[in-house]
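Student: I'd like to go over a predicted model; first the sequence, then the structure.
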Amino acid sequence: MLVVLALVSHMVKVVSSHHRWWVIALSLIALTGMLPSDVRTIGEFLLAYSERLVQLSVVIAICVFLIKGNLLAYGLAAWTISLISAAAELFEQQNPRLQLQGWIVICVLLLTIIWAIAPAFYRSGGHIGRQATVS
């Protein structure tokens, strides 16, 4: 999935300067490449395509409006998307051990997010909540 996103981002850079509507058309075509392989009917295709379209729209909105050039946040967003989908697949299983592994994946995701946002709570001196005194 990350390869598809990288190709799409490259296409956006190249094509967006001249033909903006090409970016939209190519994005919608690339979205079909991210559909599950077990889609067999038109109804399943429309359902899976609409789900992916909503997911892609949310990712684009987050990247455009919230992240704004923070490279760690881009990586964290990609990491979160991949772990959430893996955890969802594990939670769908009937085997309780696989569901436990889904919870482990969620814990890894939460620890990663805490690792990423923890420096925002530290001030100088490495103490949480203390402000540095200026002499």
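Tutor: Okay, I see it. Numbers count the residues shown, from 1 in each chain.

Student: contacts for the host helix or strand of Ile113?
Tutor: Ile113 is part of helix 96-117 when elements are defined by DSSP states H and E. Residues from elsewhere that reach helix 96-117, judged by C-beta atoms under 8 Å, 6 or more residues apart in numbering: 72-73, 76, 79-80, 83-84, 86-91, 93. (Glycine included, C-beta is placed from N, CA and C.)

Student: Those residues, buried ones only, as a ChimeraX selection?
Tutor: The following ChimeraX line selects those of the contacts of helix 96-117 that are buried, judged by 16 or more other C-beta atoms under 10 Å:
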select :73,76,79,80,83,86,87,90
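
Student: Determine which two of the contacts of helix 96-117 are furthest apart.
Tutor: Leu72 and Gln93 (32.1 Å; C-beta to C-beta).

Student: Kindly report the domain assignment for the chain.
Tutor: 18-68, 69-118 (automatic domain parsing).

Student: Now distance to Ala6 and mean pLDDT too, for those, in TSV please.
Tutor: Compiled in TSV, these are given as follows (distance: least, C-beta to C-beta, whole Å; pLDDT from 0 to 100):
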stretch	distance to Ala6	mean pLDDT
domain 18-68	11	82
domain 69-118	10	88
